[in-house]
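S.K.: Sequence first, then the predicted structure, then my questions.
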Amino acid sequence: MTDAADGILDLWPTKLVRRHLPDFEEPTQAMVKLIRDMERVNKDLTTDYLAPDFFNKDEPSINWLREQVNATVVDYLRAIGIDYDVRWSIQGWPNINRLGDYHDAHNHPGSYLSGTYYLKVPTVKEPMRNRPDVRPSNITFYDPRPGINMNSIKGDPYVDPEFTVTPEPGLLMMWPAFLNHFIHPNLSKETRVTVSFNIVLKWQDHYLPTQ
Ligand SMILES: [Fe+2]
């Protein structure tokens with residue numbers, strides 16, 4: 001791509017959404033109960049990616065979250081400059097992480113965007129000795145450009161190759177599906193409950209870039 005404009009250019013951005021959903025308490029509590037009931041039937045709920053899609057259920061709390069996710073996708077597309085018709089489906093699954101559970105660094109192939117909604121996050125860590133930099137139940141995102149921080153100096157924007165978020169109930173995060181992320185271990189006997197989702201595009205030929 002070429003551009004004739006002079007100036008300090010902002011190239012290759014990585015756009016993430018961090019959004020606290022309004023009035024989340026009631027639907028979130030209802031959804032936690034629903035997910036616990038689902039886990040009683042399917043013990044492998046968290047890793048069973050072939051289970052029926054979470055968002056296919058017609059439950060008030062899930063309908064609320066579906067609306068929030070769809071509105072967030074609309075805002076995201078607008079913010080990155082896409083002003084034409086885009087169609088997608090949401091594919092979601094619940095996660096319950098217990099003491100010691102984590103999810104190693106990964107991305108979400110086949111999807112355009114990915115995201116997580118946080119329903120319940122442990123507030124206490126078990127009284128065990130750990131290294132001081134543990135960040136239990138956090139999520140870390142990694143700069144998708146390998147080695148970009150190799151020659152960075154204090155104050156430039158390339159120093160930190162990672163971005164970590166301490167989640168709390170009611171938080172919705174959404175990011176490009178190619179972005180690697182790591183779910184830190186839960187170090188509490190309290191459960192960490194989330195709903196993760198992928199935004200999968202329904203292909204239309206006008207998505208093809210003109211270059
Ligand atoms: Fe993920």
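M.R.: Cool, the structure landed.

S.K.: Okay, now the unreliable bits of this structure?
M.R.: 1, 49-50 (pLDDT under 70).

S.K.: just checking, what's the longest helix in it?
M.R.: In the chain, taking DSSP state H as the definition, the longest helix is helix 60-79.

S.K.: what packs against that helix?
M.R.: Under the contact definition 3 or more Cβ pairs under 8 Å, 6 or more residues apart in numbering; DSSP states H and E, helix 60-79 sits against strand 17-20, helix 25-41, strand 88-97, strand 113-120, strand 171-176, strand 192-201. (Each C-beta comes from the backbone N, C-alpha and C, glycine too.)

S.K.: repeat that for 6 Å
M.R.: Packing partners of helix 60-79 (3 or more Cβ pairs under 6 Å, 6 or more residues apart in numbering; DSSP states H and E): helix 25-41.

S.K.: Let's check: the centremost residue of the chain is which one?
M.R.: Gly115 (2.8 Å; Cα atoms, centre = their mean).

S.K.: check contacts around it.
M.R.: Met173, Met174, Phe197 (Cβ atoms under 6 Å, 6 or more residues apart in numbering).

S.K.: what residues are up against the closest residue to Trp93 other than its chain neighbours?
M.R.: Leaving aside its sequence neighbours, Trp93 sits nearest to Phe54 (Cβ to Cβ, 6 or more residues apart in numbering; 5.4 Å). Shown in contact with Phe54 (Cβ under 6 Å, 6+ apart): Gly92, Trp93, Pro94.

S.K.: so how far is Ala5 from the nearest residue to Met128 once chain neighbours are set aside?
M.R.: Distances taken as Cβ to Cβ, 6+ apart put Leu187 closest to Met128, at 7.3 Å, once the chain neighbours are dropped. Separation of Leu187 from Ala5 (Cβ to Cβ, to the nearest Å) stands at 49 Å.

S.K.: And these two? Which one has more around it.
M.R.: Leu187 (20 against 5; other Cβ atoms under 10 Å).
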